[in-house]
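Q: generate a structure from the sequence data that follows.
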Amino acid sequence: PVRLIFENAKLGSLEDVLKSGKINNIQLQTKIVMDIACGMEFLHAQNPPIFHQDLRSGNVGLYSLSTNAKVCAKICNFGLGVYAGESVFNWKKTWQWMAPEVLVGNGDAKTQDLYAFGVTTYEVFAGAVPFFGVTWSNNKNLIQKVTQDGFGPSLDGLFLPEWIVVMMKRLWRLSIEKHS
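A: Purely as a prediction, here's the structure:
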């Protein structure tokens, strides 16, 4: 059996630190998102490419809350990771981070990672779980909006730089456009 050893993220998961409210300035939020983007770029650049498929705040370790740190955040928990060409895992427990085509039983691992990166970016800047309070089993209308219209988490009440909003919306729409 294959075994992986990961270093301990001294601050815990991004999810836990977001809940504590300690990530509350745009410079730190941007640094964390950029660290995650660099990690995804590294994985996707491997030969063959490696796709995480379960990117979300709970699977990002935090090492520092300083914008001057070399690295604040690292992607972890590769339990669902696959190489290019392998199938995408459909895990309804974390549907909020799943690309629309994965929600309806199809999938493209790279597009899934990019969509999840957009939703994780939302988590970092909103400080909230996407689609909070909605469960997979009780909201087919929301699922239809996500799968057919590229609907993403609500940006109402968030005051974000335009480039962040554009990036998130582009990542959420990417899978819809690719599979239309």
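
Q: looking at the chain, which helix or strand is least sure?
A: Here the helix or strand of the chain ranked lowest by mean pLDDT, DSSP states H and E is strand 82-83, holding a mean of 45.

Q: show me where the chain has strands.
A: Here the chain has its strands, by DSSP state E, at 50-51, 60-62, 73-75, 82-83.

Q: out of the ones you listed, the one nearest Leu114 is which?
A: For those, proximity to Leu114 was assessed by Cβ to Cβ; strand 50-51 is nearest, at 9.8 Å. Bear in mind the C-beta positions are built from the backbone N, C-alpha and C, glycine included.

Q: model confidence over that closest one, on average?
A: Strand 50-51 carries an average pLDDT of 84.

Q: any weak-confidence spans in this structure?
A: For the chain, applying pLDDT under 70 flags the ranges 1-6, 78-93, 95, 99-107, 131-152, 174-180.

Q: can you give me the helices in it?
A: For the chain, applying DSSP state H gives helices covering 14-20, 26-44, 100-103, 109-126, 140-149, 162-178.

Q: turn those helices into JSON lines, columns for distance to Ser66 and mean neighbour count.
A: Listed next are these as JSON lines, based on distance: least, Cβ to Cβ, whole Å; neighbours: other Cβ atoms under 10 Å:
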{"stretch": "helix 14-20", "distance to Ser66": "13", "mean neighbour count": "18"}
{"stretch": "helix 26-44", "distance to Ser66": "8", "mean neighbour count": "17"}
{"stretch": "helix 100-103", "distance to Ser66": "35", "mean neighbour count": "22"}
{"stretch": "helix 109-126", "distance to Ser66": "16", "mean neighbour count": "24"}
{"stretch": "helix 140-149", "distance to Ser66": "36", "mean neighbour count": "15"}
{"stretch": "helix 162-178", "distance to Ser66": "21", "mean neighbour count": "16"}
